[in-house]
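# here are the coordinates; sequence isn't available:
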């Protein structure tokens with residue numbers, strides 16, 4: 001995937017050019033940039049802006065909804081481990097919501113090995129599946145084969161906690 005690097009002022013300039021349909025999404029993203037800066041944008045918001053900047057068209061996609069204002073980025077969940085189950089930690093980054101799913105993004109560390117990825121939940125916020133990889137591209141469940149149920153239980157607890165935070 002090609003990365004585009006823009007200064008914040010360049011990005012704001014591109015966004016301000018968007019005055020037709022999609023203005024609501026653009027305004028929301030601009031407000032967010034003003035509050036938390038460009039680095040606080042979700043992957044989907046950045047893709048939306050990149051797509052528009054490259055094509056001039058608006059995504060005909062699901063409404064952009066994020067939870068960054070409700071759950072602070074950097075919040076950490078920890079499991080100290082016991083009896084053959086390794087220590088686990090999840091550092092929350094962002095949440096993206098659509099009509100049919102919720103995706104929580106962040107870093108999952110198992111036995112001091114970091115994995116970056118996403119926790120997929122159904123529209124109610126209940127854990128469905130996850131996808132985490134190390135910097136070397138190793139899948140979490142390949143590395144910790146046999147501990148899938150324990151890891152998924154930990155992630156399910158995180159989803160339930162986030163579900164409560166998102167509903168408040």
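Arrived safely, thanks for sending. The model shown is predicted, which means the values in this text are computed figures rather than measured ones.

# buried stuff in the longest helix belonging to the chain?
Determined from DSSP state H, the single longest helix within the chain is helix 148-167. For helix 148-167, burial by neighbour count (16 or more other Cβ atoms under 10 Å) applies to 150-152, 154-156, 158-159, 161-163, 165-166. For every residue, glycine as well, the C-beta is placed using N, CA and C.

# ok, these vs residue 99, which is closest?
residue 166 (14.8 Å; Cβ to Cβ).

# Would you state the predicted confidence (pLDDT) at the closest one?
As predicted, residue 166 sits at a pLDDT of 55.

# Tell me where the chain has helices.
With DSSP H as the criterion, the chain has helices spanning 8-16, 23-36, 43-55, 140-143, 148-167.

# Okay, now the unreliable bits of this structure?
1-24, 26-27, 49, 51-72, 165-168 (pLDDT under 70).

# Could I get the buried residue list for stretch 87-106?
Buried residues in stretch 87-106 (16+ other Cβ under 10 Å): 88-97, 102-106.

# Could you chop this protein up by domain?
8-63, 76-167 (automatic domain parsing).

# Go through those domains and pick out the most buried.
domain 76-167 (a mean of 16; mean count of other Cβ atoms under 10 Å).

# what comes into contact with the longest helix of the chain?
The contact list for helix 148-167 (Cβ atoms under 8 Å, 6 or more residues apart in numbering) reads 67, 70-71, 77, 79, 85, 88, 90, 92, 95, 97, 102, 104, 108, 110, 119, 121, 124-127, 130, 140-141, 144.

# cutoff 6 Å now
67, 70-71, 77, 79, 85, 88, 90, 104, 119, 121, 125, 127, 130, 141 (Cβ atoms under 6 Å, 6 or more residues apart in numbering).
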